[in-house]
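Novice: compute the structure for the input listed below.
(chains A, B, C and D)
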Protein chains: 2
Amino acid sequence: MPARSQQATTDVAESLIRGTGARLTMARVQILKILLDAGRALSHNEVEDKLGRSYPIDRVTVYRVLDWLTESGLAHRITDSDRVWRFNAERGGHSGEHPHFTCTCCANTICLEETPAAKTPKLPTGYRSQHVDVTVRGLCDECARANHNPSAHLRARKHKSR
Amino acid sequence: MPARSQQATTDVAESLIRGTGARLTMARVQILKILLDAGRALSHNEVEDKLGRSYPIDRVTVYRVLDWLTESGLAHRITDSDRVWRFNAERGGHSGEHPHFTCTCCANTICLEETPAAKTPKLPTGYRSQHVDVTVRGLCDECARANHNPSAHLRARKHKSR
DNA sequence: TCTCTTTATGCAACCGTGTTGCGCCATAGA
DNA sequence: TCTATGGCGCAACACGGTTGCATAAAGAGA
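Specialist: Modelled structure (predicted):
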């Protein structure tokens, strides 16, 4: 990634954080920048990895910053089936209800466009719906192609996925 | 629950297990029976609790039996947002793709009827869908009613839910 | 009914993800 | 520059789930 765009993302991150009225700290800027640049949802571990190279931050702080970003609406949290939370931030912000895609091979997770007709399934009497969570599982572009010539692309997964 | 129905469930559990061709063990029978009687998805912890009274089984064994039940198709596993797996077994068996409901108050999880038109959201080019996971979050009948006269019904939740 | 093979179980120790408590340090307002 | 407040790092912990290994039990065959 070119230095120019790196700088640009830093500026975006800083102004987003300033916009919340909260303190501007290096940890917040770095982590938000990483999320903004990722283009997909990152787990705590992935964030820590990316930080590690240039700006190591205590893992507890990473957790706290990710929580803070979620609370301030600068990122949103996705629960994955592997018991890991992933965080996604987008420049334009994000609508509340939208489906996600998770690759069953490499675990990459992205947000999908809002579906017009994501209607709530029929509930038993008395039950009330607050939120409908739609997650598509399948193969991402990269993994789908790698599946044709195997052994090409296989990132480690620790827990067997369902 | 009347003794008669208890016995009946045990018989059902035994014949289901025998049907797989695998060994019939007490642990498998007891755990499957508990799942069949529950009428909702149970976590590992809940299963252990219910066992505890009459037939204590090592937690590792419970995990292994639950895994085995899932593999043999006698139960299915639901991933909840609180990073806990829940297991559901139904006498008639279950279709592969169906939505779930999780109560944001008491965490009870049930399976919903298959929706006719749970169509896959639009995916980026190259992406392939294998499975669409739909989870409705909201209040179950009991909690929705309890919400009218608060402090009536509030079971503990360890992790804050999103 | 007894023996033997296979497979389940129990125990102990472990792993990964996430949380809590507390003292210290940096941010930002004066 | 000074100061209060809130953020950070460290250590220890909580919880769900897994692994390795020795022992016990299921069930097939004699």
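Novice: so A:H76 sits against A:T70, correct?
Specialist: Yes - here A:H76 reaches A:T70: they are 6.3 Å apart, a contact under Cβ atoms under 8 Å. For the C-beta atoms, the positions are set from N, CA and C on the backbone; glycine is no exception.
Novice: the two: who's more crowded?
Specialist: It is A:H76, of A:H76 and A:T70, that has more neighbours when counted by other Cβ atoms under 10 Å in any protein chain shown, with 21 against 17.
Novice: what's the more buried one sitting at in phi/psi?
Specialist: phi -130, psi 160 (degrees, to the nearest 10).
Novice: re the thing from before, need the overlap of contacts for A:H76 and A:T70.
Specialist: With contacts taken as Cβ atoms under 8 Å, 6 or more residues apart in numbering or on different chains, A:H76 and A:T70 have A:F87 as neighbours in common.
Novice: burial of A:A27, as a residue count?
Specialist: When neighbours are defined as other Cβ under 10 Å, A:A27 has 16 of them.
Novice: again, but for A:G73
Specialist: 13.
Novice: gap between the residue nearest to A:D141 when sequence neighbours are not counted and A:R137?
Specialist: Leaving aside its sequence neighbours, A:D141 sits nearest to B:G126 (Cβ to Cβ, 6 or more residues apart in numbering or on different chains; 3.1 Å). Distance, B:G126 to A:R137, using Cβ to Cβ, to the nearest Å: 16 Å.
Novice: do you know how far A:V12 is from DNA strand D?
Specialist: 18 Å (Cβ to the nearest atom of the strand, to the nearest Å).
Novice: for the residue lying farthest from the centre of chain A, what are its contacts?
Specialist: Distance to the chain centre peaks in chain A at A:T125, reaching 34.8 Å (criterion: Cα atoms, centre = their mean). A:T125 makes contact with B:D141, according to Cβ under 8 Å, 6+ apart.
Novice: how is it assigned, secondary-structure-wise?
Specialist: Following DSSP: H, G, I helix; E, B strand; the rest coil, A:T125 is assigned to coil.
Novice: which residue sits closest to A:A22, ignoring its sequence neighbours?
Specialist: Of all residues not flanking A:A22 in the chain, A:S72 sits nearest, at 6.9 Å (Cβ to Cβ, 6+ apart).
Novice: quick check on the one you found: phi, psi?
Specialist: The phi and psi torsions at A:S72 (degrees, to the nearest 10) take the values phi -80, psi 0.
Novice: and A:D58, by the same measure?
Specialist: Phi and psi for A:D58, reported as degrees, to the nearest 10, are phi -60, psi 140.
Novice: just to revisit the earlier point, doesn't A:N147 make contact with the residue nearest to A:D141?
Specialist: No - if you go by Cβ under 8 Å, B:G126 and A:N147 don't touch, sitting 11.4 Å apart.
Novice: find residues that contact each of these two.
Specialist: The contact sets of B:G126 and A:N147 do not overlap (Cβ under 8 Å, 6+ apart).
Novice: and the angle from the strand or helix carrying A:S129 to strand B:128-139?
Specialist: Using DSSP states H and E, A:S129 sits within strand A:128-139. With axes from the mean of the first three to the mean of the last three Cα atoms, to 10 degrees applied, the angle from strand A:128-139 to strand B:128-139 works out at 160 degrees.
Novice: and strand A:128-139 with chain B, contact?
Specialist: Yes - on the criterion Cβ under 8 Å from any Cβ of the partner chain, strand A:128-139 is in touch with chain B at A:R128, A:S129, A:Q130, A:H131, A:V132, A:D133, A:V134, A:T135, A:V136, A:R137, A:G138, A:L139.
Novice: cool, and stretch A:77-87?
Specialist: Yes - applying Cβ under 8 Å from any Cβ, one finds stretch A:77-87 in contact with chain B at A:R77, A:T79, A:D80, A:S81, A:R83.
Novice: what's the neighbour count on the nearest residue to A:T79 once chain neighbours are set aside?
Specialist: Using Cβ to Cβ, 6+ apart and skipping residues adjacent in sequence, the residue nearest A:T79 is B:S81, 4.2 Å away. Counted with other Cβ under 10 Å, the neighbours of B:S81 add up to 19.
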